[in-house]
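Chemist: Quick one, what's the 3D model for this:
(2 chains)
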Amino acid sequence: GAVVSQHPSWVICKSGTSVKIECRSLDFQATTMFWYRQFPKQSLMLMATSNEGSKATYEQGVEKDKFLINHASLTLSTLTVTSAHPEDSSFYICSARDTGTSSYEQYFGPGTRLTVT
Amino acid sequence: GQSLEQPSEVTAVEGAIVQINCTYQTSGFYGLSWYQQHDGGAPTFLSYNALDGLEETGRFSSFLSRSDSYGYLLLQELQMKDSASYFCAGRMDSNYQLIWGAGTKLIIKP
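Modeler: Numbers count the residues shown, from 1 in each chain, chains lettered A, B, ... in the order given. Next up is the predicted model:
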């Protein structure tokens, strides 16, 4: 089946630094990828929709200058958390849909646990 | 606004049948998806209903009624490995963007 990878799987950084998270579709192309964050025992909150070759679409309340998204190819999207603060600590998950099929399924990466100290 | 409501927790016995309900309020609606998530893991796709009716996939079935803005996930012959959180998610636009319910934690007792 379709596989989505995320790197790193976990990261600890100091307050004020920036962290880049990569999301790759390994065996399919994805014109669109989605970035979520999830707090413990809570639902997924959509942060932004990443579109290959164009600007990402951010959900209301998500700071686009803080969460930079780049979707430079059909298999890679990156999320950069700039000037991270402890409140940015969370589980970040990306998902992608296989552009080459009519399936509605979104394939999720394993997630990245970010801890800001 | 757009929202999906589902029970926070459901308890069932191994081997039994359980139904997890989901009601939604949206300004636009293309279909309803169900995902399973084990603790610490990523969500995995279970089903998608675009039309009214029942979709069956093995032990899992999903139902949608657009007129009632309601759907459910039915799990049969429950196994301990089915203990997880189950999310309903509404597809709201042609870009396949999903709006997620809060999730239902399914607890299975032997």
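Chemist: ok, which residues in chain A are in contact with chain B?
Modeler: A:32, A:34, A:41-46, A:49, A:93, A:95, A:97, A:104-111 (C-beta under 8 Å from any C-beta of the partner chain). Just so you know, the C-beta spots here come from the backbone N, C-alpha and C atoms, and that holds for glycine as well.
Chemist: Now a ChimeraX select for only the buried ones of those residues.
Modeler: Here is the ChimeraX command that picks out the buried ones among the residues of chain A next to chain B, judged by 16 or more other C-beta atoms under 10 Å in any protein chain shown:
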select /A:32,34,43,44,46,49,93,95,97,104,105,106,107,108,109,110,111
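Chemist: which intervals of the chain have sub-threshold pLDDT?
Modeler: Answering for chain A, as no chain was given. Within chain A, no range satisfies pLDDT under 70.
Chemist: Not quite, go with chain B.
Modeler: In chain B, residues with pLDDT under 70: B:1.
Chemist: again, only using 80
Modeler: In the predicted model of chain B, residues B:1-2, B:26-28, B:92-95 satisfy pLDDT under 80.
Chemist: in it, which spans are strands?
Modeler: B:3-5, B:9-13, B:18-25, B:31-37, B:44-49, B:53-57, B:60-65, B:70-75, B:84-91, B:98-100, B:104-109 (DSSP state E).
Chemist: and the direction of the fourth one versus that of strand B:70-75, what angle?
Modeler: Put simply, strand B:31-37 runs at 40 degrees to strand B:70-75, going by axes from the mean of the first three to the mean of the last three C-alpha atoms, to 10 degrees.
Chemist: Tell me which strands strand B:31-37 pairs with, and in which orientation.
Modeler: strand B:44-49 (antiparallel), strand B:84-91 (antiparallel) (DSSP bridges).
Chemist: That strand vs strand B:18-25, what angle?
Modeler: 130 degrees.
Chemist: Not counting its own residues, what contacts strand B:31-37?
Modeler: Applying C-beta atoms under 8 Å, 6 or more residues apart in numbering or on different chains, the external contacts of strand B:31-37 come out as A:104-106, B:22, B:24, B:43-50, B:60, B:62, B:64, B:71, B:73, B:84-91, B:98, B:103.
Chemist: hmm, what's the outermost residue in chain A?
Modeler: A:S102 (22.6 Å; C-alpha atoms, centre = their mean).
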